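Visitor: Test case, fold it:
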Amino acid sequence: MSGKYTALAVLSASLGLTAAAQVTVTPHEADRRIDVTIDGHPFTSYMWPTSLDKPVLYPLIAPDGTTVTRGFPLEPRQGERVDHPHHAGVWFNYGNVNGFDFWNNSGAIPAAQKPKMGSIHHTRVVSTKSGKHEGEIVTESTWTDSTGVDQMKELTRYIFRDENGMRSIDRIATLTALKPVTFHDDKEGLLGIRIAHFLESATEKGGVFNDASGRPTKVAEGDNTGATGVYRTSAGVTGDKVWSTRGAWCSLTGTSPEGKTETVVILDNPANPGFPSYWHARGYGLFAANPLGDHIFDPKAPEHNFTIAQGQSATFRYRILLNSSAMTPQQVDAAEAAFAKVK
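Guide: Okay, the predicted model is just below:
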């Protein structure tokens, strides 16, 4: 077994999980999606629907078949929150790139505010691959501002694995600046997941959340029945207190309505700009890693205005783990150590 598989296999074996499986990647470009299955069972799809202003992975399905992402806005489900329509599945974008907001853009933005927005356009599928242990999708997309000017090209490699029953996704994005680019210090970024209701915090009280431009979004207190999610970071911070703190990883564990324990983990990588990430993780269901919002998360820190010179590139590497059981901090530490070797 090659080195890149060994660490995940050892970790998965320690969790008492099953043997590796076949990962099948099936393009349906006419339907604007690519499906990923594990031994024929749904895992996720890479999709670029016309209803969204960026490509996403949706849904995320855990090893035992439990869906861990919110359905809205793509597939609304009864009892879900319907705030933040730009939170769809798994996405990667940012709230202030050269003054344009790529994070908050959606069909709900009033026409008068559209000039402030940016969109990420899927341009082509470079390649797909199926196989034992892992499958792969490589895509290209363009970050375009509201005036039609392309700011960046993005080349993204998605690696989908099933190692002894633990599912994982690597999302490795290389951004190439087509003009001088600045990611201004902002809380809205960078890798986001909108999780299912049962993974929300039982103590979530809702409220009004403003984006960097001051646009308010009201999150209703709602019915927290069945909400069981608890965050934990590598620094030992737990619950709703993880928001605005830093750590090499953040995990989220909860119990589904069927009584199944599910864990979702985002692993940061030491080679990433801004490592270790700040965690833009909210009790209402936003689970995001943002390594570029130093000052907005910590007023004592200087602003982190990350730049990419024209013609130059920056790469961001993240790994998402899906496990149908609880994971100890030591187990997640082991997974982080394995991912840290990815450059």
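
Visitor: State the distance from the closest residue to residue 183 other than its chain neighbours to residue 294.
Guide: Residue nearest to residue 183 in three dimensions, not counting chain neighbours: residue 306, with 4.2 Å by C-beta to C-beta, 6 or more residues apart in numbering. The way it works is simple: take the backbone N, C-alpha and C, and place the C-beta from them, glycine included. According to C-beta to C-beta, to the nearest Å, residue 306 and residue 294 sit 10 Å apart.

Visitor: so where is the stretch 101-250 of the chain shaky, pLDDT-wise?
Guide: For the stretch 101-250 of the chain, applying pLDDT under 70 flags the ranges 206-222.

Visitor: For the residue nearest to residue 183, list the residues it contacts.
Guide: The neighbours of residue 306, taking C-beta atoms under 8 Å, 6 or more residues apart in numbering as the test, are 182, 183, 273, 274, 292, 314.

Visitor: before we move on, the earlier item: quick one: common contacting residues for residue 306 and residue 294?
Guide: Taking C-beta under 8 Å, 6+ apart as the criterion, residue 306 and residue 294 both touch residue 274.

Visitor: At which residues are the helices of the protein located?
Guide: 3-14, 294-297, 329-339 (DSSP state H).

Visitor: Hmm, residue 114 is touching residue 108, no?
Guide: No - assessed by C-beta atoms under 8 Å, residue 114 is found out of contact with residue 108, at 11.0 Å.

Visitor: Partner strands of the biggest strand by length in the chain, with direction?
Guide: Identified as the longest strand of the chain according to DSSP state E is strand 150-163. Here strand 150-163 has these sheet partners by DSSP bridges: strand 134-145 (antiparallel), strand 166-177 (antiparallel).

Visitor: Same list, those, but as TSV with mean neighbour count please.
Guide: Converted to TSV, the strands paired with strand 150-163 look like this (neighbours: other C-beta atoms under 10 Å):
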stretch	mean neighbour count
strand 134-145	20
strand 166-177	20
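
Visitor: Turn those strands into JSON lines, columns for distance to residue 155.
Guide: Listed next are the strands paired with strand 150-163 as JSON lines, based on distance: least, C-beta to C-beta, whole Å:
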{"stretch": "strand 134-145", "distance to residue 155": "6"}
{"stretch": "strand 166-177", "distance to residue 155": "5"}
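
Visitor: Indicate which one of the ones you listed is closest to residue 245.
Guide: strand 166-177 (22.2 Å; C-beta to C-beta).

Visitor: now the angle from that closest one to helix 329-339?
Guide: Using axes from the mean of the first three to the mean of the last three C-alpha atoms, to 10 degrees, the direction of strand 166-177 lies 50 degrees away from that of helix 329-339.

Visitor: Output strand 166-177 as CSV, restricted to C-alpha atoms.
Guide: Provided in CSV are the C-alpha atoms of strand 166-177 (Å, rounded to 0.1, in the frame of the first residue of the first chain):
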residue,chain,number,x,y,z
MET,A,166,-14.1,6.2,6.1
ARG,A,167,-14.9,8.7,3.3
SER,A,168,-12.8,11.7,2.5
ILE,A,169,-12.5,14.4,0.0
ASP,A,170,-9.4,16.4,-0.9
ARG,A,171,-10.1,19.8,-2.5
ILE,A,172,-6.9,21.2,-3.8
ALA,A,173,-7.4,24.5,-5.6
THR,A,174,-4.7,26.5,-7.4
LEU,A,175,-5.8,30.1,-8.1
THR,A,176,-3.9,32.0,-10.8
ALA,A,177,-4.3,35.8,-10.8
